[in-house]
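**Q** this one's structure only:
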DNA sequence: GGAGGTGTTAGTCA
DNA sequence: CTGACTAACACCTC
């Protein structure tokens, strides 16, 4: 799925394309995407107008003018597409919002992992998955101190901890690997054993890498495309993700791929040494 | 053809 | 409580 930079890119694209559009009808072709009652979901959104698309970590927040917000998580490979004809959507488009300008907003998700939930706008921050999120990069709440506390409080590997959305939110498998490479930290290092300098390097690396990725419009590995149909450009700047068998960009050592926290993990065995 | 991997997270189990 | 593992699903690559 899209991580924070990709979701932010989608958010910006949607805000350019669908603000002010009223929902005139909704086709739900696969019920499990919708959290809660499908008929209620439809009824509450018909005739509602999209006021603004916000974001919290990897969650998109579609704010409507009737006091409701649709929380949308793309999970592994969900994406939004705007098309002028329903026949322009393929079989993996499971939800179709009919817009008042005659266009259609489709939600495409090959693996069907994504979820949409409608809640009162005032209650968004009370929804458990959102309420428990840690601070996100590039905000005042994401401080060196907050990261230090999150890392010190667990014996998990640092990679697993960076993926834990309660410590810092918005990072996924790509940026976790990238940030660990930037900070020269081994992915399997226990989080509570990191040095002060390593935590500082991670904090800076997270902010810098996420900012760069947002500026580049996110990463496109396989099929991810933003709402306007453009690919992100950040994959050209990836330093380790997907580069197993290739030379490290710093020291030429061959990048290795192992499994950490159940996820494919790329690192340089020379730059990122396990401390004991 | 079959096994194993894929950008996530919620739930289960020890 | 914490940490490890798995399911949810369809497709792609070896």
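**A** In hand now; what should we look at? This is a predicted model, so every value here is computed, not measured.
**Q** Which residues of the stretch 151-276 of chain A lie near DNA strand C?
**A** In this structure, the stretch 151-276 of chain A approaches DNA strand C at residues A:153, A:154, A:155, A:156, A:157, A:160, A:261, A:262, judged by Cβ under 7 Å from any atom of the strand. In short, each C-beta sits where N, CA and C put it, glycine included.
**Q** list the contacts for the first one?
**A** Contacts here follow Cβ atoms under 8 Å, 6 or more residues apart in numbering; on that basis residue A:153 touches residue A:192.
**Q** repeat for the third one
**A** In this structure, residue A:155 makes contact with A:190, A:191, A:192, judged by Cβ under 8 Å, 6+ apart.
**Q** residues in contact with the first one?
**A** Yep, that's residue A:190 we're talking about. Residue A:190 touches A:155, A:156, A:157, A:158, counting by Cβ under 8 Å, 6+ apart.
**Q** change it to 10 Å
**A** Neighbour list for residue A:190: A:151, A:154, A:155, A:156, A:157, A:158, A:160, A:161, A:274, A:275, A:276 [criterion: Cβ atoms under 10 Å, 6 or more residues apart in numbering].
**Q** can you check residue A:258 too?
**A** Applying Cβ under 10 Å, 6+ apart, the residues near residue A:258 are A:187, A:188, A:244, A:264, A:265, A:266, A:267, A:269.
**Q** make it 8 Å
**A** A:187, A:188, A:265, A:267.
**Q** Where does the record place the domain boundaries for chain A?
**A** A:4-131, A:144-267 (automatic domain parsing).
**Q** Where do the helices of the stretch 1-150 of chain A begin and end?
**A** Counting by DSSP state H, counting those that start in this stretch, residue ranges of the helices within the stretch 1-150 of chain A are A:4-17, A:38-45, A:128-131, A:144-152.
**Q** Let me have those in CSV, adding mean neighbour count as columns.
**A** Formatted as CSV, the helices of the stretch 1-150 of chain A follow (neighbours: other Cβ atoms under 10 Å):
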stretch, mean neighbour count
helix A:4-17, 22
helix A:38-45, 15
helix A:128-131, 12
helix A:144-152, 16
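**Q** out of these, which comes closest to residue A:218?
**A** Nearest to residue A:218 among those is helix A:4-17 (3.8 Å), distances taken as Cβ to Cβ.
**Q** helix, strand or coil for the closest residue in space to residue A:251 that isn't next to it in sequence?
**A** Of all residues not flanking residue A:251 in the chain, residue A:270 sits nearest, at 5.1 Å (Cβ to Cβ, 6 or more residues apart in numbering). Under DSSP: H, G, I helix; E, B strand; the rest coil, residue A:270 falls in the coil class.
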